[in-house]
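K.L.:
Show me the folded form of this:
(chains A and B)
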Amino acid sequence: MSRAAAGCLLLALLAGAPARAGDGPDPAAPAEGAAGALDLAGRGTATLRLLGSHRYQRPSLGGLNPDNRSLDLPRHTSEAEARLDLGLELDRLALAAKPRARWTRDQRQDGPGAGRADGDADLVLLEGWGRLRLGDRLFASFGRENLQWGPGQLVNPANPFFAENGRENPVRELPGQDFLRAVVLPSGAWTLSWITATGPGEGDPAGRHWHPSHALKAEVVGREASGGALVHGGPGAQTSLRGFGQWTASDALLLYGEASATRGTRALYPVAAPGPLGGRLEATRRDDPAVFVAAVAGAVYTLALGPTLSLEAAWNGEGYGQAEADRFFDLAHRAGALAAQGLAGPRAAGPPELGLRLLRRRYLFAQYLQTEIADRLTVILRWSQSLDDRSALATGFGEWSLSPRWRLFAFGGAGTGGNRDELGSAVRYSLSLGLELSAF
Amino acid sequence: MGRFGTLIALAALGWALAAVAGPSPREILDRADRARGNLPGLVWTVTLTAAGDGEERTQTIEVKARGDDVLATFLAPPRIKGQKVLMAGRNMWFLKPGLSRPVPISPRQKLMGEAANGDLASTNYAGDYDGAIQGEEAVDGEPCYVFDLTARTKTVTYDRIVYWVSKPRLVGVKADFYTVSGKRFKSAEFQYGHDIVTGGETIPFVSRMVIRDALRPEAVTTLEYAGIEVKSLPDATFNLNLLML
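P.N.:
Residues are numbered from 1 along each chain as shown, chains lettered A, B, ... in the order given. Purely as a prediction, here's the structure:
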């Protein structure tokens, strides 16, 4: 969806969407969705949240980022954001828009940029789509969506479109991509979806790593279990088979799993090459006949006293083995050395996109979640452990409800890895503190 | 009396005995379930008020229910407005604006105060529990059947329930909830101030549920039901792929 089209959609929504809170169901409506197209009462939703936060982070200044010359990371970042969510559901048409206005200010304390402060203001359409009901069981939609599925917590190999699932930091929102989607409901239990990725959205506006692709997905929901399978492919993607499932084993225990299998991979691997770095990153396994498998299996248990504990194991078949990891970090350290000599500047586009969701192959993940502590505090503690290089990342999130409209939140993370490890090699630790006002 | 006449007489006797004996325990539970939402299509608004430690907190939730399927949308306070809980059978997901994807949750996870996610669901004790009438007892002067119910599967919210069902009204008026170890940890009382028409019949519908913590009597969560509407709800209402956040 173009920005102009998104703007029109937004204007239409603003013109016709009364707030939902306080509106009761329409007693004249005999069936859901049967009201006239001009009857907007109770069919629109609007929420506005205003956030302000400050983050402090301590960059790792070793061989990968000597004197902060490679990554040029700020120490302090202040952010303010207005998050407007609009929705409208008419007889056959549903519209949604999530415009975001952001202001960011970075301050550096390390390296050549020490003392420099940069500000940035941005207006983006995080999501914006329209959906048409073509019959009781057929729906078609077009626009920007954040299409996420799969029960995995560390990664979701069953989702070919989004590498991130946004669960690490509950405050940060992931931008949507542009999709054309058709959904068929053959029965109450089954759902078939055809999904075509038509644009990179705000997440990758330059479209550097985005390619058009398609997926056909079938899902089923039983009484105690649910799951799905899909095939994904296209001119810019290897054909892959993916699946996910979850089982409510008891009122307290959930078991789940996800997997993907792809013949060949477009991920980049380090290879020797002439030049100052002595190597480069290449998609050497694009035509590899081998099948690369990624899988996640996990369990979630809620204790009678309230806390919910999660444990998950992940296998990333595309990830680097020890020799590849050694070559990769050799390459990264040589790039860092060139930066230290002033022969290379910080990468304007950030670290290279490797096409990998996880760098290595074997991981463990654990999470502690407790909501409603003293009726107002939510705590999430996460531990991600690479079993290959032994590095780990600990993150914590806390949310304190100050009033019906105000909440205080904090997010922190610390990595244990050294400068040849995956987790913690770029940022030693970080801490964010913020406040959110739900205006309406 | 000929053979045909004997058969008619026996059938008539059987019908008369059944009428005198009244509904079976399963029928009683089924009737009580209907008064707590187990119907083909209902929409209502529930206001949860959690009291304890000298403070009260309130949430307002719109509930769309169709048999085992429930979509709960949080309307207030503004801080949680737009959050949803989708239940399809015993599968449950939590959806939150800003959170990128549906998070699978268990029925036991806490909603607010003493209420668990499972407490939002319409009640299906007739389908989910085994048990029989253990006796009769008056609750606030009203004669009641006392059921001792044991969960048929481990996926329901409570392992064992002692359930008082009014004899004249066939609605559940009181329940004690027990852990696997046999310890009572919650109790609930129900009031039925609403009438709804379904299948051409007017039946009572729950208007108030009060949940008390057995160990902390001061911790009380009240669910007030309003805006009850019998409504046909399509499959799309309960489909994760079509929810608007």
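
K.L.:
quick one, phi psi at B:G199?
P.N.:
In terms of degrees, to the nearest 10, the main-chain angles of B:G199 are phi 60, psi 30.

K.L.:
Enumerate every residue touching it.
P.N.:
For B:G199, the contact set (CB atoms under 8 Å, 6 or more residues apart in numbering or on different chains) is empty. Heads up, the C-betas are built off the backbone N, CA and C, glycines and all.

K.L.:
That one and chain A, how far apart?
P.N.:
Distance, B:G199 to chain A, using CB to the nearest CB, to the nearest Å: 15 Å.

K.L.:
Please report how far B:L95 lies from chain A.
P.N.:
Counting by CB to the nearest CB, the gap from B:L95 to chain A is 10 Å.

K.L.:
how many other residues sit next to that residue?
P.N.:
Applying other CB atoms under 10 Å in any protein chain shown, we find 19 residues neighbouring B:L95.

K.L.:
Hmm, it is touching B:L242, no?
P.N.:
No - in this structure B:L95 lies outside contact range of B:L242 using CB atoms under 8 Å: 12.0 Å.

K.L.:
residues in contact with B:D176?
P.N.:
Neighbours of B:D176 in contact, by CB under 8 Å, 6+ apart: B:161-162, B:184, B:186-187.

K.L.:
just the helices in chain A please.
P.N.:
A:3-16, A:322-340 (DSSP state H).

K.L.:
Which of those comes out lowest on mean pLDDT?
P.N.:
Among the helices of chain A, helix A:3-16 carries the lowest mean pLDDT, a mean of 37.

K.L.:
where does the stretch 51-200 of chain A have low pLDDT?
P.N.:
Under the criterion pLDDT under 70, no range of the stretch 51-200 of chain A is flagged.

K.L.:
Could you tell me which residues of it lie near chain B?
P.N.:
Applying CB under 8 Å from any CB of the partner chain, we find that the stretch 51-200 of chain A lies next to chain B at A:83, A:85, A:87, A:89, A:94, A:96, A:131, A:133, A:136-137, A:139, A:146, A:148-151, A:156, A:162, A:164-167, A:170-171, A:173-174, A:183, A:185, A:187-188, A:191, A:193.

K.L.:
Pull out the buried members of the residues you listed.
P.N.:
A:83, A:85, A:87, A:89, A:94, A:96, A:131, A:133, A:137, A:139, A:146, A:148-151, A:156, A:162, A:165-167, A:170-171, A:173-174, A:183, A:185, A:188, A:191, A:193 (16 or more other CB atoms under 10 Å in any protein chain shown).

K.L.:
and A:L309, how many neighbours?
P.N.:
14.

K.L.:
my read: it touches A:L253, true?
P.N.:
No - if you go by CB under 8 Å, A:L309 and A:L253 don't touch, sitting 10.3 Å apart.

K.L.:
what sits in contact with each of these two?
P.N.:
Common neighbours of A:L309 and A:L253 (CB under 8 Å, 6+ apart) are A:300-302.

K.L.:
would TSV of those with pLDDT, distance to chain B and neighbour count be doable?
P.N.:
Shown next, in TSV, are the shared contacts of A:L309 and A:L253 (pLDDT from 0 to 100; distance: CB to the nearest CB, whole Å; neighbours: other CB atoms under 10 Å in any protein chain shown):
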residue	pLDDT	distance to chain B	neighbour count
A:V300	95	7	26
A:Y301	94	8	17
A:T302	91	4	24
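
K.L.:
Which of the residues you listed fall in strands?
P.N.:
Among these, the members falling in strands are A:300-302 (criterion: DSSP state E).

K.L.:
just these now: which is nearest B:P40?
P.N.:
Nearest to B:P40 out of these is A:T302 (CB to CB; 30.4 Å).

K.L.:
if I look at the closest one, how far off is A:D330?
P.N.:
Look at A:T302 and A:D330: by CB to CB, to the nearest Å, they are 46 Å apart.

K.L.:
B:D213 too?
P.N.:
Taking CB to CB, one finds B:D213 at 60 Å from A:D330.

K.L.:
Same question for B:V230.
P.N.:
70 Å.

K.L.:
and which of the ones in strands among the shared contacts of A:L309 and A:L253 is nearest A:A101?
P.N.:
Distance to A:A101, by CB to CB, is smallest for A:V300 among those, at 35.8 Å.

K.L.:
who's in contact with the residue lying closest to B:G41 once chain neighbours are set aside?
P.N.:
Of all residues not flanking B:G41 in the chain, B:L233 sits nearest, at 4.4 Å (CB to CB, 6 or more residues apart in numbering or on different chains). Shown in contact with B:L233 (CB under 8 Å, 6+ apart): A:32, B:41, B:43, B:64-66, B:69.

K.L.:
just those: which has the poorest pLDDT?
P.N.:
For these, the pLDDT minimum is A:E32, 48.

K.L.:
Just the pLDDT at residue 221, thanks.
P.N.:
Here I'm looking at chain A. The model's pLDDT for A:V221 equals 95.

K.L.:
wait, I meant chain B there
P.N.:
pLDDT at B:T221 comes out at 88.

K.L.:
Please apply the same query to A:P276.
P.N.:
Model confidence at A:P276 (pLDDT) stands at 81.

K.L.:
Return the distance of it relative to A:R334.
P.N.:
Going from A:P276 to A:R334 by CB to CB gives 7 Å.

K.L.:
and those two? which has more neighbours close in?
P.N.:
Each of A:P276 and A:R334 has its neighbours counted (other CB under 10 Å); A:R334 has more, 17 against 10.

K.L.:
B:L170 and B:D30 touch, don't they?
P.N.:
No - counting by CB under 8 Å, B:L170 stays clear of B:D30, with 9.1 Å between them.

K.L.:
which ones are touching A:H54?
P.N.:
Shown in contact with A:H54 (CB under 8 Å, 6+ apart): A:76-79, A:432-434.

K.L.:
I'd like to know which of the residues of the stretch 51-200 of chain A next to chain B are part of strands.
P.N.:
Counting by DSSP E, those contribute A:83, A:85, A:87, A:89, A:94, A:96, A:131, A:133, A:139, A:183, A:191, A:193 to strands.

K.L.:
what about chain B, any weak spots by pLDDT?
P.N.:
In chain B, residues with pLDDT under 70: B:1-21, B:52-54, B:99-100, B:110-122.

K.L.:
any chance you could map the helices in it?
P.N.:
Using DSSP H, helices in chain B cover B:3-21, B:25-34, B:117-120, B:125-128.

K.L.:
ok, of the contacts of B:D176, which come out buried?
P.N.:
The buried subset of the contacts of B:D176 (16+ other CB under 10 Å) comprises B:161-162, B:186-187.

K.L.:
Now flag whichever of these is closest to A:L51.
P.N.:
Of all those, B:K186 has the smallest distance to A:L51: 36.6 Å, by CB to CB.

K.L.:
quick one: the closest one and chain A, what's the gap?
P.N.:
For B:K186, the distance to chain A - CB to the nearest CB - is 11 Å.

K.L.:
Spatially, what comes nearest to that residue if we skip its sequence neighbours?
P.N.:
Leaving aside its chain neighbours, B:K186 sits nearest to B:F177 (4.3 Å; criterion: CB to CB, 6+ apart).

K.L.:
What of A:R361?
P.N.:
Counting by CB to CB, 6+ apart, A:R361 lies nearest to A:G319, which is 4.0 Å off, once chain neighbours are set aside.

K.L.:
Let me see the contact set for A:W129.
P.N.:
A:W129 neighbours (CB under 8 Å, 6+ apart): A:1, A:95-96, A:141-145, A:179.

K.L.:
List the beta-bridge partners for it.
P.N.:
Per DSSP bridges, the residues bridged to A:W129 are A:A96, A:G143.
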